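K.L.:
Sequence plus the predicted model coming up.
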Amino acid sequence: MNPLQRARWQLAVLSELAQTGFMYLAPVLDESRDVLDFRWLEASPTSTQALGCSAKDLVGRSLKQVLAECGIRLSMMAACRSAFLEQCSRVEHVEGKDGLALHQISPSRWELTIKVTNQAAVERVLSAQRVLSQLESKDRYSLQGGSLRTSTPWSPSR
């Protein structure tokens, strides 16, 4: 595989990892309807990667438990709780095992929707795009240069 093909392949892989992930969580309430925790209803594969957790099945698990296992600050739980109780969207930056992730928390009456974007993956995609662009420019230049070298130079005497 030549460097240009390799750069295209790496960009494709990185682009897939940088896609936004989605999680849906339901609140766990006590008798007075206070939020104690959240339980996963659904989680896309990209969201689990952005959390830095292994490919565990999150459905049915508690948010507090997963945050502790993944080494993520419990402030994420507080942000989710606050967003749900206030019915107001929030954005949180979470430092996970794979770098910084942006969590967009959107509440509904019955659940939370969280969009997760892995900032480190997005930065790697941008870097790979720059490398690919440079390689493509070099490739175009070498093709143009090669065709110029084989042609007869123009001269005013002709």
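P.N.:
Yep, it's here. Residues are numbered from 1 along each chain as shown.

K.L.:
where are the low-confidence patches of this structure?
P.N.:
50-56, 96-98, 143-158 (pLDDT under 70).

K.L.:
The chain: strands as residue ranges?
P.N.:
Along the chain, counting by DSSP state E, strands occupy 21-29, 35-43, 90-96, 99-107, 112-118.

K.L.:
hey, C-alpha coordinates of the second one in PDB?
P.N.:
Provided in PDB are the C-alpha atoms of strand 35-43 (Å, rounded to 0.1, in the frame of the first residue of the first chain):
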ATOM      1  CA  VAL A  35     -33.400  11.200  41.000                       C
ATOM      2  CA  LEU A  36     -31.100   8.600  42.600                       C
ATOM      3  CA  ASP A  37     -29.400   7.300  39.500                       C
ATOM      4  CA  PHE A  38     -30.000   6.600  35.800                       C
ATOM      5  CA  ARG A  39     -30.200   3.300  33.900                       C
ATOM      6  CA  TRP A  40     -29.100   2.700  30.300                       C
ATOM      7  CA  LEU A  41     -32.000   2.000  27.900                       C
ATOM      8  CA  GLU A  42     -29.700   2.100  24.800                       C
ATOM      9  CA  ALA A  43     -26.100   2.900  23.900                       C
END
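
K.L.:
about what we covered before: and the strands of the chain, which is most packed in?
P.N.:
Highest mean neighbour count among the strands of the chain (mean count of other Cβ atoms under 10 Å): strand 112-118, with a mean of 21. For the C-beta atoms, the positions are set from N, CA and C on the backbone; glycine is no exception.

K.L.:
In terms of secondary structure, what does that strand contact?
P.N.:
Contact here means 3 or more Cβ pairs under 8 Å, 6 or more residues apart in numbering; DSSP states H and E; on that basis strand 112-118 packs against strand 21-29, helix 45-51, helix 75-86, strand 99-107.

K.L.:
Please name the strands paired to the last one in the sheet, noting orientation.
P.N.:
In the sheet containing strand 99-107, the strands it pairs with under DSSP bridges are strand 90-96 (antiparallel), strand 112-118 (antiparallel).

K.L.:
Including distance to Ser137, could those strands go into a markdown table?
P.N.:
Converted to a markdown table, the strands paired with strand 99-107 look like this (distance: least, Cβ to Cβ, whole Å):
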| stretch | distance to Ser137 |
| --- | --- |
| strand 90-96 | 35 |
| strand 112-118 | 28 |
